[in-house]
Structure formats: structure tokens, C-alpha cells
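K.L.:
Sequence and computational prediction follow.
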Amino acid sequence: MSGLLLRLFVKDYRNTEDPKVRGAYGKLAGVVGIVCNLLLFAGKLIAGLLSGSVAITADAVNNLSDASSSLVTLLGFKLAERPADEEHPYGHARLEYLSGLAVAALILVIGVELGKSSIEKIINPETVLFSWLTLAILIGSILVKLWMALFCYKLGKKIDSATLTATAMDSRNDVISTSAVLLGCLVGHFFGLQIDGYIGTLVALFIIWSGCGIAKETISPLLGKQADAELVKSISDLIMSHEKILGIHDLMVHDYGPGQCFASVHAEMDSRENPLDCHDIIDDIERDALRELRVHLVIHYDPIVTDDEELNQMRALVSAELKQIDPQLTMHDFRMVRGPGHTNLIFDLVIPYSMENRKKELKERIDERVQFEDKRYYTVITFDEAVHNRL
């Protein structure tokens, strides 16, 4: 069914890297969600009014809110397609993340409202009337929501969308909540136990917990989460595939929404190379990154001295000392500035967050080692974050 809908309504649906195709996926999911949830709302509202069940009626209202969530998803993908303009030079793709956050907020509101009505039902219990029509509507709702969860999850995986993943989780929550409501109806009918309010409370707590999780997932990219390890590796492999590149460091990736990824990196090249040739190589790599990875990459050229015997010796000595202190420690941009009285060894030291409070200790340890080699050596160290050097 999912494949059929994609073939019918998404042109070139296999090309998920295309922003237009990605938007079509999101809009399809939004329309399907609106139609299905409105139908479920009508069915459950009838069942809830006939049976007098607060849980079924609350579940119906939940489906109505889901229709609103699907509308938000539809609008989010539509607005995210808007091109860059003077006020938003990086485009509007982050609106997709905002629509996911809005879905999470609606889920939390529904959870709180369901919890309030369920507690009232516990305090003032009422008999829930059972009918086979109610049973059929609830079972049908479970099956529809199960399909919707799988449908949105599949589409979300295809285009790597946090919003569609959140929508899939919401549908999964509905499967669980409606199953619980169904269980309450059956227990009340066959055993005479009125547990409608208790089940509604448990479902509400689960919905609130799920909403918090979804909100966390959608807020993370808005705050600027750590770059995906696979993307970092792809960028690194692409750059290092050029034989003139000796090393890279300080890779920073900025996510402005799906399809709007910007990155910068320092690339080390032999200082004896012709600068014009180096510039051409860097231009080629930047074009390859945009074409192959859809990453707007900016490369800073770092010329590296490779034919200075003393510099190479001290670079190897400092590198060995770092490995002895902790294998996590690395360095880059090692250079030597000679003076009449002393020589500065200048480099960037990459440390993990766990070693932030050990900077003074690390510098003292390295100074001790280089001055044991020769008293005229001094270090000038810039400490770098390891998160930008996972290469």
C-alpha cells in the first residue's frame, strides 16, 4: 500500500536526495494523516457517545488532534521548501524541525487533558456500556493506526525525517492507547470491573512520556547537535582521496535543515606546492562535496612544512608524548618559530570534553618533555575541541 501511494503521488519517488521529492513525501504523509484521523475521530466519537466511555471519547479527541498534527506536518514540509531569501540566506528547511516540535507539543497537551479526564473518571466512576459496534470500531482503529505508524516510519526512514518519525511514534502511541481502551471495555463487560479511568490515566502518562521524547529529538537539531558520524566520515574520505591532501582538522558541520548542510574544514598541504594548484584542488573538492554529498563545503588551506628535519623530529617527539599521556590526544598545525634565545613550538592540541579541566597539567607535562630534549624549546598551545576533529 505504501509503495502504491508513493508511485501514484510522488514523482521520481526513488530520488529521495532531491529536496522536491523529500517535500512530496512529507506532504503525502500529512494528507494521509488528515484523512485517516478525521475518519477515526468520527467513528470513535460515535462509539464513545453510545457507550458513555470517557476513555473512548478522549481517544476520539486524540485522533482529532492527530489530524491537526498532520496538518502541521503538511504545512511544515510545504513551508520548508521555500527558497533562501534576503532575511533567511540559508533557506527555510529548519521549519521541518519546528513542525516536528509542534507535533510534540500537541501530543503533550493531549496527554495532560486525557490524564485530567481519566482522574475525574476514577473519582466519579460511571458504568461503560458495551456493544459489538464499539468493539468493531476500536479494533478497526487499531489496525488503521498500526498501518499509519508503519507508513510514516517507512517514509521517515527513506528521507531521514525527524518529523515523520515523530508522527510514526504518535501513531504507535495511539495503537497502545486504543488497545488499552479496548481492554478496559472487555474487562468491564466480562468481569464487571470499572477500570476505564485507570486505563485512561496509564495511557495519558505514556503519551506524556512519549511527547517528551519526541520534543527532545526535534529540539536537538535546532540547538545544533553533533554532526552525524557517517557524514563526517564521508566528508573526510572525500577530501583525503586527493593525494595532495596530507591531513584535515577542525571540521565543523552546520545543519540548517534537511538538504541545507554547510561545513568548513582545514586541509593540510605541502608548503612547497604551487598555491594556484592547491587552490584548484580545493575548488574541485568543494564542488565534489556539493554534488556527491549535498554539503556546501568551505576548505581553508593550511601549508605544512615537510622538509625541515628539526621540525619533523620535534613534531614526532611531541606526538609520541601525547600518545603516552592519553591515546585520545592528537595535534595539528605544528610549526616552529626560531628566535635568538629560544624556539617556540606552536600547535593545536585536540582534547575530549572530559579533559577540559586538565589543560594546565597537559601543558606542563609537554613542556617538561620538550625542555628535557633542549632547554630552549617552549610550547604555545591552542586547545581544540575533539568534537570537531573526529576524523
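P.N.:
Perfect, I can see it now.
K.L.:
Residue 57 touches residue 41, doesn't it?
P.N.:
No - using Cβ atoms under 8 Å, residue 57 makes no contact with residue 41, being 10.6 Å away. Any C-beta I mention is one placed from the backbone N, CA and C, and that applies to glycine too.
K.L.:
out of all of them, which helix in this structure is the longest?
P.N.:
helix 19-51 (DSSP state H).
K.L.:
following it, which helix or strand comes up?
P.N.:
helix 54-80 (DSSP states H and E).
K.L.:
Name the helix or strand of this protein that has the lowest mean pLDDT.
P.N.:
Lowest on mean pLDDT, DSSP states H and E among the helices and strands of the chain sits helix 54-80, with a mean of 76.
K.L.:
Which helix or strand contains the residue nearest in space to the middle of the chain?
P.N.:
In the chain, the residue lying closest to the centroid (Cα atoms, centre = their mean) is residue 221, at 5.3 Å. Using DSSP H and E, residue 221 maps to helix 196-223.
K.L.:
Can you name every helix or strand that that helix contacts?
P.N.:
Using 3 or more Cβ pairs under 8 Å, 6 or more residues apart in numbering; DSSP states H and E, the elements in contact with helix 196-223 are helix 54-80, helix 95-123, helix 162-191.
K.L.:
Select, out of those helices, the one closest to residue 252.
P.N.:
Shortest distance between residue 252 and those, using Cβ to Cβ, is found for helix 95-123: 19.4 Å.
K.L.:
Need the mean per-residue confidence for whatever helix or strand comes next after the closest one.
P.N.:
Next helix or strand after helix 95-123 toward the C-terminus (DSSP H and E): helix 132-159. Average pLDDT, helix 132-159: 88.
K.L.:
Could you do stretch 113-127 as well?
P.N.:
The average pLDDT within stretch 113-127 is 78.
K.L.:
Please point out which parts of that stretch sit buried.
P.N.:
By 16 or more other Cβ atoms under 10 Å, the buried positions in stretch 113-127 come out as 113-115, 117-118, 121.
K.L.:
Check what contacts it and list those residues.
P.N.:
52, 54-55, 58, 61-62, 188, 194, 196-201, 203-205, 207-208 (Cβ atoms under 8 Å, 6 or more residues apart in numbering).
K.L.:
Equivalent analysis for stretch 140-151, please.
P.N.:
1-2, 5, 29, 32-33, 36, 39-40, 43-44, 59, 63, 168-169, 171-172, 174-175, 178-179, 182.
K.L.:
give me that answer again for 10 Å
P.N.:
Stretch 140-151 has contacts (Cβ atoms under 10 Å, 6 or more residues apart in numbering) with 1-2, 5-6, 28-29, 32-33, 36-37, 39-41, 43-44, 47, 56, 59-60, 63, 66, 70, 164, 167-179, 181-182.
K.L.:
Filter those down to the buried ones, ChimeraX style.
P.N.:
Burial among the contacts of stretch 140-151 is assessed by 16+ other Cβ under 10 Å; the matching ChimeraX selection reads:
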select :2,5,6,28,29,32,33,36,37,40,41,43,44,47,56,59,60,63,66,70,164,167,168,169,170,171,172,173,174,175,176,177,178,179,181,182
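K.L.:
Alright, calling it a day.
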